[in-house]
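Enquirer: show me the folded form of this:
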Amino acid sequence: MAAETSTQSYSEQWYWDDRYTNESEPFDWYQKYSSLAPLINLYVPRRNHPVLVIGCGNSVFSEDMVDDGYEDVVNIDISSVVIDAMNNKYSNRPQLKYLKMDVRDMKAFEAASFDAVIDKGTLDSILCGSNSRQYSTQMLEEVWRYYYIHDLWHEFDENYRVLKDKGVYILITYGAPNYRLRLFKDSCSWTTKLHVIDKSLTEQQLETPKWELTKPIALDDEENSVESAIGKSPDVHYIYVCTKDESLKVKADAV
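Expert: Just a heads-up that it's a prediction; the model follows:
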C-alpha cells in the first residue's frame, strides 16, 4: 500500500522535494547518456541549437550532453530542491541551465524555443500518478505547442531561436507501443518512429546488443510488426522519436 501511495504522488512537487532532500546522489532513470548518444546525435545533429530536458532530476545526462558538444541544454523539474542543487553544482557551466517548472505548464518559454525535447521517465511518472490521463495529455500538448509553433514573423531573424516544423520529442520509456502510441494519437499531431535498447545496457555494455539502436522498428496500425520484430515482453526500454508534423494538424483541423 505504501508503494502504491508513493507512486500516485509522482506528479506532485512535495514528493520530489522530499525525495531529493533525502537522496542527493546523482541518479539516471532508465539509461545513461553514453548508451543513448548515438540516437541523440542522429536526431539532434545541430549541437549549437537549444535542447530541453524535462524532469531532469539530479541526473548527469545533460552534463554528458554538454561534454559531447551540445552548447545549450535547458533543464526543468517540478522540484525546487533539485533545481537549486543543480544550479549550485553547475554554476560554472553556462551551457547548462536549470529552471523550476511544471512540464504541464511551460508558458514561460517563448513559442518554438527548442530543437528537441528529451524525456527520460517524466511521462512515465505522470502516468503512474493520480489524474494520469489528464496530466499526460496536458504535458504532451505543452511539449507540442510551446516548442513547435512556427513564428513566421521572426522567420528570417537569425537571433531569434525558432524551432521550425519537424522538431523532435524523444521519449525513453518502459511503455510498449499498444499503450504509448494511443497517447500520441489522441494528444497531438506527430509522426513517430520506434527504437529499442536493451535494459541491460543500464548495467553494463553488451558485447553484441540484440537490436541496433539507430535502426527503427517498423510500426503498423495493429502494432503486430513490433511483436514480430522483438518478440513478446522483451527486456527493453522503448524509445519513441516523435516528430512534430504541422501538416497533420492542418489536415485534422480541416476535417
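
Enquirer: rest of the way, CA atoms for contacts and neighbours
Expert: Noted.

Enquirer: which helix or strand lies directly C-terminal to the biggest helix by length in the chain?
Expert: Counting by DSSP state H, the longest helix found in the chain is helix 132-148. Using DSSP states H and E, the helix or strand that follows helix 132-148 in sequence is strand 168-173.

Enquirer: can you give the strand pairings for that next one, parallel or anti for each?
Expert: Partners of strand 168-173 in the sheet, by DSSP bridges, are strand 116-120 (parallel), strand 236-244 (antiparallel).

Enquirer: would you format the ones you listed as CSV with distance to S80 and mean neighbour count included?
Expert: Listed next are the strands paired with strand 168-173 as CSV, based on distance: least, C-alpha to C-alpha, whole Å; neighbours: other C-alpha atoms under 10 Å:
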stretch, distance to S80, mean neighbour count
strand 116-120, 19, 23
strand 236-244, 28, 23
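
Enquirer: include mean pLDDT when you put those strands into a markdown table, please.
Expert: Formatted as a markdown table, those follow (pLDDT from 0 to 100):
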| stretch | mean pLDDT |
| --- | --- |
| strand 116-120 | 94 |
| strand 236-244 | 93 |
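
Enquirer: mind putting these in TSV, distance to N88 included?
Expert: Listed next are these as TSV, based on distance: least, C-alpha to C-alpha, whole Å:
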stretch	distance to N88
strand 116-120	22
strand 236-244	31
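
Enquirer: for P177, which of those strands is the nearest?
Expert: strand 236-244 (8.2 Å; C-alpha to C-alpha).

Enquirer: residues contacting that closest one, please?
Expert: Strand 236-244 is contacted by residues 30, 144, 148, 165-176, 189-199 when judged by C-alpha atoms under 8 Å, 6 or more residues apart in numbering.
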